[in-house]
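A.B. asks: Generate coordinates for the sequence data below:
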Amino acid sequence: MIALQVFCMYHVYKNKSNYYWYFVFFFIPLIGSIIYLFTNVFNRKDINVIAQEITTVINPTRKIKALEKELDFSNTFQNKINLADVHLENKDFENAIIFYEKALEANFKNDPHTLNKLIHCYYKTSNFDKVIEYANKINLDKNFKESLYFYGLSLEQKEQFTEAEFQLRKIDKRFSNYPERLEFSKYLIRRNKKEDSKEILTEIISEITSMTKANSKKYRNIFIEAEKILNELQSF
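C.D. replies: The predicted model follows:
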C-alpha cells in the first residue's frame, strides 16, 4: 500500500495534477490510490481489459461461449487454438485436447507450438504414449525446453529409464526450474540413485539460501520439501 501511495504521489507531482490528491492519499490511502489510478493513470483501453479479465474470472464460461461462436462462424486454425487455449487455462485438459487435435488437421498437422501444448495436456491426463509420440515430432531441446520435464516423466512411466534420466538431466540448471529439479531428485530416489539425489537437493537448498529475502520466500515450499527429503536420505 505504501508503494502504491508513493507511486500515485509521484504521478501527481510529475503530471502536475490537482494538489488535493495528496490529502486523498493521506486520509483514505488505499481507496484514494485506486480511484486515482482509474481516473488518472489507466486509460479507457486499460480499464476495458481489466473489466474483461474480471468478468472472465467470475464467469469463465462466458469467454468459452464467445469463442465457440467465433469458431462456428469461422472454422479456422486460430479460432480452434484460441478455444483450446482457454480450456487449457481453465485446466480442462480433455476439451483442450479436442480442439488442439482439431487444429492439427489439414495443413497444420506438424505445427510445433500446438504439438507442444498437447504434450502438456496429454501428460496431465496420463496419456504418456501420446506425450512421447508428440515429443519425438518436435525439437524440445531447441524450442520447448519446459516440456522436457513432461517427456522425461512419461518415459519413466513407460519404463524407458535410461532415456528418462537423460532428458530430465537437461532441466537440472542452476538457479532455475526448482519444482522440476525437485521432482527429478525424487526420480533419482526411485531409481536408487540417492547420492545423485542428495547432490541436486543440496544445490537447490544452497541456491535458495543465497537468494534475496523476497526471492527465497517465493521458493519457501520448495526449500522446505528439499530439506525434508535431504534429511530423510541422510538419516539412512
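
A.B. asks: Pull out the buried residues from the helix or strand hosting F166.
C.D. replies: Using DSSP states H and E, F166 sits in helix 161-168. For helix 161-168, a neighbour-count test (16 or more other CB atoms under 10 Å) marks 164-165, 167-168 as buried. Glycine gets a C-beta too; all of them are placed from N, C-alpha and C.

A.B. asks: tell me what it is packed against?
C.D. replies: Packing contacts for helix 161-168, counted by 3 or more CB pairs under 8 Å, 6 or more residues apart in numbering; DSSP states H and E, involve helix 148-157, helix 178-190.

A.B. asks: show me what contacts K124?
C.D. replies: The contact partners of K124, by CB atoms under 8 Å, 6 or more residues apart in numbering, come to 91, 93.

A.B. asks: what's it sitting at in phi/psi?
C.D. replies: Note on K124: its backbone torsions stand at phi -70, psi -20 [degrees, to the nearest 10].

A.B. asks: again with E105
C.D. replies: Torsion angles, degrees, to the nearest 10, at E105: phi -70, psi 160.

A.B. asks: where's it relative to N116, distance?
C.D. replies: 17 Å (CB to CB, to the nearest Å).

A.B. asks: Show me what the helix holding F166 is in contact with.
C.D. replies: Residues contacting helix 161-168 (CB under 8 Å, 6+ apart): 148-149, 151-153, 155-156, 184, 187-188, 191.
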